[in-house]
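Participant: Let's see this in three dimensions:
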Amino acid sequence: MTEGPDRAGRAVEAVWRTQSARVVGALARFTGDLALAEDVAQEALAEALATWPTKGVPAEPAGWLLTVGRRRAVDAFRRRSARDERYAALARELDEATPGPDALFDPDAVDDDVLALMFTACHPVLSPEARVALTLRVVGGLTSEEVAAAFLVPVPTVQARITRAKKTLAAAQVPFAVPGPDERAARLGSVLSVVYVVFTEGSSATGGDAWIRTDLASEALRLARSLARLAPEPEPLGLLALLELTAARFPARLDQDGHPVLLEDQDRRRWDRDAIRRGRAALRAAAGVGRGLGPYGLQAAIAECHAVAPSVTETDWDRIVVLYEALGRVAPSPIVELNRAVAVAMASGPAAGLRIVDGLAAEASLARSHLLPAVRGELLTRLDRRAEARGSYLEAAERCGNGAERAVLEAKAARLA
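Facilitator: Residues are numbered from 1 along each chain as shown. Below you'll find the predicted structure:
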């Protein structure tokens, strides 16, 4: 039964987006080579696009991709066998085993496959940019074009990062496996960091004209849910809680014309209550399995304070100040201190917050950020120091790389002219 190119193409896209991690993970376990696994999975994808429109979508699409990918992997080992007897022996071994897709999609192994895929793609031997690109490609199932569009970089740049990442993993002989208990704790932070970076770029885009990139944020949420399911530990659960509670506000963060709506002006009736329930449940789980919340859990607890408050003025700002103080102890950074300044200003008045902000003026990491002058402008406005506030807003607008956020800052400055 023919499907037609459009329907078959949609089927291929849907299967790849939801099953690519399982397919690549199973092939990586089968071959012991992540780069080869990703390559043969892409070849299987191309073959699906060529054959499904005329032959129909198979009953088990993911199994079909896995079978084709396995066959291509054996062919690759046979080609290499002319240069190296080790590959000839491996090709014979793989060919003789010829496990079916059900064997490779072993329920007892598939979760470890996906988790191993995350740990491998986020290995510390790779640069942060390469980790993000490789994770979105092999775990998230995004194309190079989609990754490039998400981070506003040229497609060749993304392709080069992915290629270098694969070569680096091979040169470093990084095994495709879930790290042991001793190494796992240290490596988990790298995986969480990648997911967090992807979500942050989606929820507050640093460039372009869109303030929110829901496609990118949704991809990070999907990865966080998988990670929390596969590794139900305090920080993966804390990260999931943070992402759910933050994403819950997305429906109210843009008006009908697509312009940004700040927290104090948002219609909280539009917040996603299901996401809030999921986030709070994940936060409770994080608190229940560890000896206290880590950095992501503390940020989730702050997000929960906002999620349950009827309004900005009725928010428990004193608790948020305490949570930021705790976060500053376990994960100190100028951004955490800047956020604490905002909370202090809400709890104790703008003058108290401004003293903290002015103390951060010499921080090198904030020298080019628009966030410091933006917060300073807000506090100066509340103190009725209008000329200084306007100057801070204009400075923030000049530094801001996002068009939508820049327009908000320029509008605030204009109101003070």
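
Participant: And the helices in the stretch 301-417 of the chain?
Facilitator: Secondary structure of the stretch 301-417 of the chain (DSSP state H, counting those that start in this stretch): helices at 317-330, 334-348, 350-359, 371-382, 386-399, 403-415.

Participant: How about the stretch 101-250 of the chain?
Facilitator: Under DSSP H, counting those that start in this stretch, the stretch 101-250 of the chain gives helices at 101-104, 107-121, 128-134, 144-151, 155-171, 181-203, 214-230, 234-247.

Participant: ok, back up a step: out of the helices of the stretch 301-417 of the chain, indicate the one that is most buried.
Facilitator: Greatest average neighbour count among those goes to helix 371-382 (a mean of 22), per mean count of other CB atoms under 10 Å. Bear in mind the C-beta positions are built from the backbone N, C-alpha and C, glycine included.

Participant: Let me see the residues that make contact with that helix.
Facilitator: Residues from elsewhere that reach helix 371-382 (CB atoms under 8 Å, 6 or more residues apart in numbering): 335, 338, 341-342, 345, 350, 353-354, 357-358, 360-361, 363, 366, 386, 388-393, 395-396, 399-400, 409, 412-413, 416.

Participant: before we move on, what about stretch 349-357?
Facilitator: By CB under 8 Å, 6+ apart, stretch 349-357 touches 337-338, 340-346, 372, 375-376, 379-380, 382-383.

Participant: I'd like the helices of the stretch 101-250 of the chain laid out as a markdown table, including mean neighbour count.
Facilitator: Listed next are the helices of the stretch 101-250 of the chain as a markdown table, based on neighbours: other CB atoms under 10 Å:
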| stretch | mean neighbour count |
| --- | --- |
| helix 101-104 | 16 |
| helix 107-121 | 20 |
| helix 128-134 | 23 |
| helix 144-151 | 19 |
| helix 155-171 | 17 |
| helix 181-203 | 18 |
| helix 214-230 | 20 |
| helix 234-247 | 27 |
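
Participant: With mean pLDDT and distance to residue 322 as added columns, please give these in CSV.
Facilitator: Putting the helices of the stretch 101-250 of the chain into CSV (pLDDT from 0 to 100; distance: least, CB to CB, whole Å) gives the following:
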stretch, mean pLDDT, distance to residue 322
helix 101-104, 47, 50
helix 107-121, 74, 33
helix 128-134, 91, 31
helix 144-151, 80, 35
helix 155-171, 92, 40
helix 181-203, 86, 23
helix 214-230, 87, 26
helix 234-247, 97, 17
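
Participant: Scan the helices and strands of the protein for the one with the lowest mean pLDDT.
Facilitator: Here the helix or strand of the chain ranked lowest by mean pLDDT, DSSP states H and E is helix 101-104, holding a mean of 47.

Participant: top helix in the protein by residue count?
Facilitator: Longest helix in the chain, counting residues (DSSP state H): helix 5-31.

Participant: Give the buried residues for the very next helix or strand once past it.
Facilitator: Downstream of helix 5-31, the next assigned helix or strand under DSSP states H and E is helix 34-55. In terms of neighbour count (16 or more other CB atoms under 10 Å), helix 34-55 has its buried residues at 34-45, 47-49, 52-53.

Participant: Check which element follows helix 34-55 along the chain.
Facilitator: Following helix 34-55 in sequence, per DSSP H and E, is helix 61-81.

Participant: Would you mind writing the CA trace of that next one as PDB?
Facilitator: C-alpha atoms of helix 61-81 as PDB (Å, rounded to 0.1, in the frame of the first residue of the first chain):
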ATOM      1  CA  PRO A  61       8.600   1.700  12.100                       C
ATOM      2  CA  ALA A  62      11.300   2.000  14.800                       C
ATOM      3  CA  GLY A  63      12.100  -1.800  14.400                       C
ATOM      4  CA  TRP A  64      12.400  -1.300  10.700                       C
ATOM      5  CA  LEU A  65      14.900   1.600  11.200                       C
ATOM      6  CA  LEU A  66      16.800  -0.600  13.600                       C
ATOM      7  CA  THR A  67      17.000  -3.500  11.300                       C
ATOM      8  CA  VAL A  68      18.200  -1.400   8.400                       C
ATOM      9  CA  GLY A  69      20.700   0.400  10.600                       C
ATOM     10  CA  ARG A  70      22.000  -2.900  11.900                       C
ATOM     11  CA  ARG A  71      22.500  -4.200   8.300                       C
ATOM     12  CA  ARG A  72      24.300  -1.000   7.300                       C
ATOM     13  CA  ALA A  73      26.600  -1.400  10.400                       C
ATOM     14  CA  VAL A  74      27.500  -4.900   9.400                       C
ATOM     15  CA  ASP A  75      28.300  -3.700   5.900                       C
ATOM     16  CA  ALA A  76      30.500  -0.900   7.300                       C
ATOM     17  CA  PHE A  77      32.500  -3.400   9.300                       C
ATOM     18  CA  ARG A  78      32.900  -5.600   6.200                       C
ATOM     19  CA  ARG A  79      34.200  -2.600   4.300                       C
ATOM     20  CA  ARG A  80      36.700  -1.900   7.100                       C
ATOM     21  CA  SER A  81      37.700  -5.500   7.300                       C
END
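
Participant: Right, I'll call it a day here.
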